[in-house]
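> I would like the atomic coordinates for the input below:
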Amino acid sequence: MITLSNVGVTFSGEDLFQDVSFLINKSDRIGLVGKNGAGKSTLLKLIYGLEAIDYGSISKAKNVTIGYLPQELKNDSQLTVWEEALKGCEDIEQVKIEIEKVNKELMTRTDYESDDYADIIERSTQLQEKFALLGGDKIEGKVEQVLQGLGFQRDEFIKSFAALSGGWKMRVELAKLLLATPDCLLLDEPTNHLDIVSIQWLENFLRNYPGGILLISHDKSFLDGLVTKTFEIANKRIYDYSGNYSKFLQLREERMELLVRSKQNQDKEIAETEKFIERFRYKATKSKQVQSRIKQLEKVERIELDNVDETNFNIRFPEAPRSGKVVIKAEKVGISFGDKDVFHDLGFELERGHKVALLGKNGEGKSTLIKMITGEYKGEGSIELGHNVSMSYYAQNQADLLDFNKTVFETIDDVAEGEIRKKVRTLLGTFLFSDEDVEKKVSVLSGGEKARLALCKMMLSPTNFLILDEPTNHLDIASKNRLKESIKAYTGSVIIVSHDRDFLDGLTEKVWQLKDGQIKEHLGDVSLYLEKLKEELQHETLQKQETKQVEKTASSNKERFERKKELDKQYRKINNRISKLEKEIEDLEASQKELEKKVYEGDQSQELFDQLADIQKNLTLVMKEWEEKSYELEITEEERSEL
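Numbering: from 1, shown residues only. Purely as a prediction, here's the structure:
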C-alpha cells in the first residue's frame with residue numbers, strides 16, 4: 001500500500017535517517033518506537049508529505065488515502081462539534097448531494113423512453129448503491145457512536161468547536177479521521193488527551209479498523225493491545241519486529257545479545273589483522289600480504305551496536321515523615337462554575353500510607369477536585385488535612401510553571417537546602433541532565449526534559465502526602481516505569497490522576513471513580529476497576545437489548561420470519577464469498593511476503609518490483625471486495641439481529 005525505499009533525511013548536516021525501507025500493508029497495525037529525538041514524528045510527516053526526503057522514494061498504491069493526526073492542532077473552525085465531525089464524512093455528503101441533484105432532474109423529465117432518461121435512472125441506481133455501501137443511511141448513528149466513544153456527551157454535540165480546549169479539539173480531529181476511514185492512518189500520540197475509558201474504546205475501534213495503521217505512543221497497554229508489528233528507530237535505521245511492544249522488548253534483547261557477540265568476534269578479527277599489518281608493515285617479504293590485509297580491512301562492514309537508550313532517571317522520593325492516621329478528610333464538598341455544577345456533597349477520607357487512583361471521564365472534575373484539595377480553588381464543604389500532614393503537588397502543567405529564564409542548574413540550586421546544595425549536579429545527573437544540559441535555559445528544554453526537571457524540583461523536600469495530576473505526560477515508557485517503582489516504594493500517602501493503564505496497574509489499592517458529581521470507591525487496582533466497569537457496561541447493554549427484544553415481540557411474527565429467512569439465505573451467500581476472498585488474501589499476502597523477503601535480502605530487480613506491484617494491485621482489488629462484502633455482511637447481520 002505504501003512503500004519506503006532507501007529513504008534518507010539530513011538535518012543541519014546530520015543524518016536523521018539512512019536508507020530506511022519498509023512497507024505498510026492494508027491490514028498492518030504498526031507501533032513506531034524509539035528514544036526521544038530519534039525522528040518518530042518526522043517519519044510520519046515524511047509519509048504524509050509534510051516534509052521532504054533527501055534521497056530514496058516514498059510511493060503509494062493508486063487511489064490510496066492517508067489520514068494524519070499530529071500531536072498539535074491548528075483549527076479555527078466556527079462550526080459545532082457535530083458539524084466539524086461530520087466533515088469526516090464528506091464523501092457520503094457529496095454522494096447525497098448528487099442523489100438529490102439526480103432525483104430533481106428525474107422529476108422534471110418526461111422523455112421516459114429515451115436513452116438519456118435510462119442513463120439517469122442507471123446513474124441514480126449507482127448512486128443509491130454507493131450511498132448504501134458507504135453507510136449513508138446510518139451515518140448519523142456512526143458519528144454519534146464515534147463522538148461518544150471519544151468522550152463527548154450528546155448535549156455537547158452542539159457546542160462550538162472554537163470554544164473547546166486543545167485536548168477536546170484533538171478528539172474531534174480524531175473523530176473526523178475515524179469517520180473518513182482513510183486506507184492508512186498515521187497517528188502521533190492519539191491517546192494523549194483521552195481518559196482511560198476513551199482509550200479502551202479507541203483501542204477496540206482501531207483493532208477492527210479496515211485500513212493500515214502506523215502509530216506513535218508511549219502507552220504500553222495501548223500498544224500491547226493493538227499493534228501486531230513494532231518498528232524501532234535506532235542508529236538512524238528502522239528495525240522491524242513481529243509482535244506487540246512486550247514481544248518487541250524480548251526480541252530486541254535477543255537481537256542485541258547476538259549483535260554484541262558478533263561485534264566481539266569481529267573486533268577480535270580486526271585487532272588481529274591490524275596487529276599483523278603493524279608487525280610486518282615494513283618487511284618487503286610480507287608487503288603483498290600486508291596490502292591484502294589492508295584492503296581486506298577496508299572492505300569490512302563494521303558492526304555497530306544500536307544506540308538504545310537504556311538509561312532511566314533515578315527517582316527516589318525522600319522518606320515520608322509520619323503523619324496521623326487520617327491524612328485528609330472531606331465532607332459535603334462541592335463547586336460550581338457559573339451554571340455548571342461540577343460536583344456536590346462529595347465525601348471521602350484517605351488514611352496514612354494508602355495510594356489512590358482518582359479516575360473519571362475528562363470533564364468530570366478530577367483536576368478541579370485536586371485544586372480544591374491543594375487550596376487553589378475554593379468551594380462548598382470542608383477539606384481538612386490530618387495531623388502533621390505535609391503535601392507536595394505535581395500539577396498537569398507543572399512543567400509550564402517553571403521559570404523559563406533560569407537554567408536547569410539554577411532551577412534546582414534556588415530551592416536546594418543544606419547538604420543537597422553541594423550535590424545539585426549529581427542530583428541532576430540522576431535525572432539524565434548532563435554537564436552541558438545543566439547550563440541550558442529551561443525555555444529550550446523538550447517537554448520530557450521539563451517534566452523530569454519539575455519532578456526533580458518537587459522531590460527536594462520530604463513530605464508525606466503526594467498529589468500527582470498526570471505525572472507521566474511527556475515521559476517515555478522507560479521513565480514511566482521508573483517513576484512507578486519509586487511511587488510504589490514511597491511510604492507516604494498518594495492520590496494519582498492518570499490515564500495510563502500500565503502505569504496505574506498494581507500501583508494503588510483503591511480507585512476513586514468521579515462520576516455524575518459523586519465519588520464511588522472501588523477496592524483494588526485499576527485492572528480490577530476496569531473489569532468491574534466492563535461488567536457494568538455489559539449489564540447495561542444487556543438490559544437495553546432485553547428492552548429492545550420486548551418491543552420487537554409486539555411486531556408481526558410472520559413478517560419477521562419471512563424476512564429473516566430471506567436474510568439468512570443472503571447471509572450464507574455473502575459469508576461464503578468472504579471465505580473465498582479471505583483465502584485469496586492469505587495466498588496473495590504469502591506471495592507478497594516472500595517477494596518482500598527477497599527485496600530485503602538485496603534483490604532490487606525490476607522484475608521483482610513489477611511482481612510486487614501486480615500482487616499489491618490484486619490485493620487491493622480483493623481487499624476492496626472483501627471490505628464491501630464484509631460491510632454487506634455487517635448490514636445483513638445487524639438486520640438479522642434486529643428481527
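> need the residues that contact the host helix or strand of K288.
K288 belongs to helix 287-299 when assigned by DSSP states H and E. Helix 287-299 is contacted from outside by 270, 273-274, 276-277, 280-281, 283, using CB atoms under 8 Å, 6 or more residues apart in numbering. Bear in mind the C-beta positions are built from the backbone N, C-alpha and C, glycine included.
> try it again with 7 Å
Helix 287-299 is contacted by residues 270, 273, 276-277, 280-281 when judged by CB atoms under 7 Å, 6 or more residues apart in numbering.
> avg pLDDT for it?
The predicted model assigns helix 287-299 a mean pLDDT of 85.
> ok, stretch 497-505 next?
91.
> residues of stretch 51-71 that come out buried?
Buried residues in stretch 51-71, counted by 16 or more other CB atoms under 10 Å: 53, 56, 58, 60-61, 64, 66-70.
> end to end, how far does that stretch reach?
16 Å (CA to CA, to the nearest Å).
> ok, stretch 86-95 next?
Stretch 86-95 has its terminal residues 14 Å apart, counting by CA to CA.
> only the buried residues of it, if you could.
86, 88-89, 92, 95.
> got those as a markdown table, with distance to R207, pLDDT and secondary structure columns?
Putting those into a markdown table (distance: CB to CB, whole Å; pLDDT from 0 to 100; DSSP: H, G, I helix; E, B strand; the rest coil) gives the following:
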| residue | distance to R207 | pLDDT | secondary structure |
| --- | --- | --- | --- |
| L86 | 25 | 87 | helix |
| G88 | 20 | 85 | helix |
| C89 | 22 | 81 | helix |
| I92 | 24 | 78 | helix |
| V95 | 28 | 79 | helix |
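> out of the residues you listed, who's nearest K450?
Comparing these against K450 with CB to CB places G88 closest, at 33.7 Å.
> my guess is the closest one contacts T181, does it?
No. Counting by CB atoms under 7 Å, G88 does not reach T181; the two are 8.3 Å apart.
> tell me the confidence at T508?
T508 is given a pLDDT of 93.
> hmm, D525 and it touching each other?
Yes. Under the criterion of CB under 7 Å, T508 makes contact with D525 at 5.6 Å.
> and these two? which has more neighbours close in?
T508 (24 against 18; other CB atoms under 10 Å).
> residue contacts, that one?
355-357, 496, 525-526.
> redo that, cut-off 10 Å
354-359, 487-488, 494-496, 498, 524-526, 529 (CB atoms under 10 Å, 6 or more residues apart in numbering).
> now do it against F343, distance only.
21 Å (CB to CB, to the nearest Å).
> packing partners for the lengthiest helix in the chain?
Secondary structure of the chain per DSSP state H: the longest helix is helix 557-600. Counting contacts by 3 or more CB pairs under 10 Å, 6 or more residues apart in numbering; DSSP states H and E, helix 557-600 is packed against strand 2-11, strand 14-24, helix 606-642.
> I'd like those as CSV, with mean pLDDT, distance to E331 and mean neighbour count appended.
Supplementary listing: the helices and strands packed on helix 557-600 in CSV, determined by pLDDT from 0 to 100; distance: least, CB to CB, whole Å; neighbours: other CB atoms under 10 Å:
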stretch, mean pLDDT, distance to E331, mean neighbour count
strand 2-11, 91, 57, 18
strand 14-24, 89, 56, 18
helix 606-642, 83, 49, 15
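> quick one on the thing from earlier: overlap in contacts of G88 and T181?
With CB under 10 Å, 6+ apart as the test, G88 and T181 both reach 67, 142.
> for F409, which of the helices and strands packed on helix 557-600 is the nearest?
With CB to CB, the closest approach to F409 among the helices and strands packed on helix 557-600 belongs to strand 14-24: 26.9 Å.
> strands paired with the closest one, and their directions?
strand 2-11 (antiparallel) (DSSP bridges).
> any idea how far the strand it pairs with is from the chain center?
Relative to the chain's own centre, strand 2-11 is displaced by 23 Å; criterion: CA atoms, centre = their mean, to the nearest Å.
> convert it to CSV, retaining C-alpha atoms only.
Provided in CSV are the C-alpha atoms of strand 2-11 (Å, rounded to 0.1, in the frame of the first residue of the first chain):
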residue,chain,number,x,y,z
ILE,A,2,2.8,2.4,1.0
THR,A,3,6.5,1.7,0.2
LEU,A,4,9.6,3.5,1.6
SER,A,5,12.7,2.6,-0.4
ASN,A,6,16.2,3.7,0.8
VAL,A,7,14.9,6.9,2.3
GLY,A,8,17.4,9.3,3.8
VAL,A,9,16.9,12.6,5.6
THR,A,10,19.5,15.1,6.8
PHE,A,11,19.0,17.9,9.4
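> tell me where the model's unsure across the protein.
Scanning the chain for pLDDT under 70 picks out 134-135, 306-315, 541, 544-545, 547-557, 643.
> and it, what are its domain boundaries?
Taking automatic domain parsing as the criterion, the chain consists of the domains 248-299, 326-533, 557-642.
> of the ones you listed, which stretch is the most buried?
Across those, averaging neighbours per residue (mean count of other CB atoms under 10 Å) puts domain 326-533 on top, at a mean of 17.
> quote the end-to-end distance of it.
With CA to CA as the measure, domain 326-533 spans 29 Å from end to end.
> and if you look at stretch 202-222?
Using CA to CA, the distance between the terminal residues of stretch 202-222 is 9 Å.
> of all the residues in it, which ones are buried?
Applying a neighbour-count criterion of 16+ other CB under 10 Å, one finds 202-203, 206, 211-222 buried in stretch 202-222.
> residues in contact with F343?
333-336, 360, 364-365, 368-369, 372, 379-380, 514-519.
> hmm, try it at 6 Å
334, 365, 517 (CB atoms under 6 Å, 6 or more residues apart in numbering).
> what about the second one, distance to H193?
Here the criterion is CB to CB. By it, G365 lies 17 Å from H193.
> which of the three states applies to L215?
For L215, the secondary-structure state derived from DSSP: H, G, I helix; E, B strand; the rest coil is strand.
> since that was my last question, I'll sign off now.
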